[in-house]
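*Asks:* Structure here, sequence nowhere to be found:
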Ligand code: CTP
C-alpha cells in the first residue's frame with residue numbers, strides 16, 4: 001500500500017524528532033517517496049543533513065527561499081503528496097494548525113494541501129492535558145485530521161505520562177492503514193439522515209427549539225458516506241461543519257424537514273437522528289408579538305407536528321429497506337424505546353438516556369433495540385457510535 005506513495009513528512013520541534021528519522025527510513029524501505037519538511041524548531045533537534053540523507057530527497061525548510069520557489073513552489077509542493085504526516089507534532093505546531101496559521105513553510109503547506117493529514121503529537125504530559133491543547137485536538141479531529149498517539153511513558157524531563165511520540169512502527173502502521181483503500185460495503189446505496197433540532201416559529205423573531213447540537217446525526221451521515229453510501233443529510237439549524245461528501249438539505253421546521261425527507265426518497269436506508277419539535281405554534285404571528293403593559297401574556301396555542309419517523313416507516317410505496325429511529329429518554333430507557341419502535345413502525349431504535357449531558361455533549365451511551373433484542377453499547381464518542389451504527393447498517397443492507 002505504501003510503495004510508490006508520496007508522503008510529505010513534516011518534522012517539528014520536539015526532542016523526539018530523532019524518531020522521525022527512523023520513520024523516514026521505514027517509509028523509504030517500503031518504497032515510499034518521502035518529501036521532508038523541517039520547521040525551525042525541528043531543526044534544533046535533527047539536522048537537515050540527517051533528514052535529507054535518510055529521506056533521500058532535499059529538505060524543504062524555507063517559505064521565502066527564492067531558489068526553491070523557482071524550482072517547485074510551495075503550492076506545488078502542497079499538491080504533491082498522497083498523505084501529509086506531522087511527526088513529531090509539537091503543542092505549538094498543533095495550535096498553529098488549529099488556528100490555520102501559515103507563518104512558515106510547514107504550516108503554509110498544511111493550509112494549501114488537499115491530501116489527508118496524520119499528526120503524531122509529542123509533548124510533556126501537562127501540555128497534552130492543557131485545555132488549550134485539548135480544544136486544539138478537538139478542532140483538528142473535527143476537520144478530519146487523523147491522530148496517532150501519543151503514548152504514555154518516560155519523558156525526556158524525567159517525568160512520566162501521556163505525551164510520548166508514538167513509536168515509528170506504530171506511525172508506519174497508521175500510515176499504511178490510511179493509504180489502504182477502505183471497504184465500501186454501502187456503495188450504490190442511498191441513505192437519508194435527519195439531524196439537529198427544528199425551529200418552530202412563534203413570530204418573525206422567536207421560535208421553539210431544543211438543545212440538540214446535530215453532532216450525532218452529522219457523524220452518522222459522515223460514517224455512512226465513508227462506507228460508500230450516497231447520503232442526503234436533512235439538517236435543522238446547527239453549528240456543525242458539513243460532513244465531507246454528503247448532500248446537504250437545510251431546513252428549519254418539522255414540516256419542512258418532512259417535506260425534504262419525502263423529496264429525497266427513494267432511499268435504501270433512513271436514519272432519523274433529529275430532535276424534531278413535537279409541537280409548533282398553531283399559527284405563527286406574522287408580526288413581532290408585543291407585550292402590553294398591565295396585560296397578561298397571550299397564551300401560545302400549540303399544534304402537533306407530523307411525526308417524520310412514523311410517516312416514513314409507514315410509507316405505502318417508498319418505505320426505505322431499513323428505517324432507524326432514535327429515542328431520547330430520561331427514564332425507563334429500554335422499555336420506552338421498545339414501545340416506541342413498535343408504535344413508530346421502524347426497524348431499529350437507537351435508545352439513549354438524555355438525562356445527563358448527552359444533548360450537545362461529545363459522548364453517547366446507547367442501546368440498539370431491534371426485533372432480535374437489545375444490545376447495550378459502551379459509552380463512546382459520538383463519532384464512534386456513528387461508525388458502529390454505520391457498520392451494523394452495512395452488515396444489514398450492504399451488498
Ligand atoms: N421524530 C420524528 N418526528 C417527530 C418526532 C420525533 O421523526 N415529529 C423521530 C426522531 O427523529 C427520533 C424518534 O422520532 O428518531 C423519537 O424521538 P423522541 O423525541 O424520542 O420521541 P417522540 O416521538 O417525541 O416521543 P416522546 O417525546 O413522547 O418520548
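*Replies:* Alright, I've got the coordinates. A quick note: this is a predicted structure, and the numbers were derived from the prediction, not measured.
*Asks:* Helices of the stretch 1-150 of the chain, start to end?
*Replies:* Taking DSSP state H, counting those that start in this stretch, the helices of the stretch 1-150 of the chain run over residues 18-29, 48-55, 66-71, 74-79, 91-99, 105-112, 125-129, 131-142.
*Asks:* Show me which residues of the stretch 151-300 of the chain sit near the ligand.
*Replies:* 194, 254, 272, 274, 276, 278 (C-beta under 6 Å from any ligand atom). (C-beta placed from N, C-alpha, C; glycine too.)
*Asks:* what's the lengthiest helix in the chain in contact with?
*Replies:* The longest helix of the chain (DSSP state H) is helix 382-397. Here helix 382-397 makes contact (C-beta atoms under 8 Å, 6 or more residues apart in numbering) with 185-186, 189, 191, 215-216, 219-220, 222-224, 226-227, 268-269, 271, 321-322, 324, 350, 362-364, 366, 368, 377, 380.
*Asks:* Now list the buried members of those residues.
*Replies:* For the contacts of helix 382-397, a burial check counting by 16 or more other C-beta atoms under 10 Å picks out 185-186, 189, 191, 215-216, 219-220, 222-224, 226-227, 268-269, 271, 322, 324, 350, 364, 366, 368, 377, 380.
*Asks:* And the most centrally placed residue in the chain, how far from the ligand?
*Replies:* Residue closest to the average C-alpha location in the chain (C-alpha atoms, centre = their mean): residue 142, at 4.5 Å. Separation of residue 142 from the ligand (C-beta to the nearest ligand atom, to the nearest Å): 23 Å.
*Asks:* My read is that that residue contacts residue 239, right?
*Replies:* No: between residue 142 and residue 239 there is no contact under C-beta atoms under 8 Å: 11.2 Å.
*Asks:* got the buried residues for stretch 297-316?
*Replies:* 305, 307, 308, 309, 310, 312, 313, 315.
*Asks:* My error: substitute stretch 192-204 in the last question.
*Replies:* Applying 16+ other C-beta under 10 Å to stretch 192-204 flags 192, 193, 194, 195, 196, 197, 198, 199, 200, 201, 202 as buried.
*Asks:* Just the residues you listed: which are in strands?
*Replies:* 192, 193, 194, 195, 200, 201 (DSSP state E).
*Asks:* mind checking how far stretch 255-270 is from the chain centre?
*Replies:* In this view, stretch 255-270 has its centroid 23 Å away from the chain centroid, taken as C-alpha atoms, centre = their mean, to the nearest Å.
*Asks:* Need the contact partners of it.
*Replies:* Taking C-beta under 8 Å, 6+ apart as the rule, stretch 255-270 contacts 186, 189-194, 198, 224, 229, 232, 234, 236, 249, 251, 274, 276, 280, 305-306, 308, 311-312, 315, 318, 320-324, 393, 397.
*Asks:* circling back: quick one: average confidence on the longest helix of the chain?
*Replies:* The average pLDDT for helix 382-397 rounds to 94.
*Asks:* returning to what we had before: just the closest of the buried residues of stretch 192-204 to the ligand, please.
*Replies:* Nearest to the ligand out of the buried residues of stretch 192-204 is residue 194 (C-beta to the nearest ligand atom; 5.9 Å).
*Asks:* what's the distance between that closest one and residue 62?
*Replies:* 50 Å (C-beta to C-beta, to the nearest Å).
*Asks:* In three-state terms, label the most far-flung residue of the chain relative to its centre for me.
*Replies:* Most distant from the centre of the chain: residue 294, at 50.9 Å, with distances by C-alpha atoms, centre = their mean. Following DSSP: H, G, I helix; E, B strand; the rest coil, we place residue 294 in the coil state.
*Asks:* any idea how far the ligand is from it?
*Replies:* For residue 294 relative to the ligand (C-beta to the nearest ligand atom), the value is 37 Å.
*Asks:* Kindly report the same for residue 119.
*Replies:* If you go by C-beta to the nearest ligand atom, the gap between residue 119 and the ligand works out to 35 Å.
*Asks:* Number of residues surrounding that residue?
*Replies:* For residue 119, the neighbour count with other C-beta atoms under 10 Å is 26.
*Asks:* Quick check, it in contact with residue 140.
*Replies:* Yes: the criterion here is C-beta under 8 Å, and residue 119 meets it with residue 140 at 6.9 Å.
*Asks:* Overlap of the contact sets of the two?
*Replies:* 94, 97, 147.
*Asks:* Closest one to the ligand out of those residues, please.
*Replies:* Closest to the ligand, out of all of the shared contacts of residue 119 and residue 140 and judged by C-beta to the nearest ligand atom, is residue 147, at 31.1 Å.
*Asks:* residues contacting that closest one?
*Replies:* Here residue 147 is in contact with 118, 119, 120, 121, 137, 140, 141 (C-beta under 8 Å, 6+ apart).
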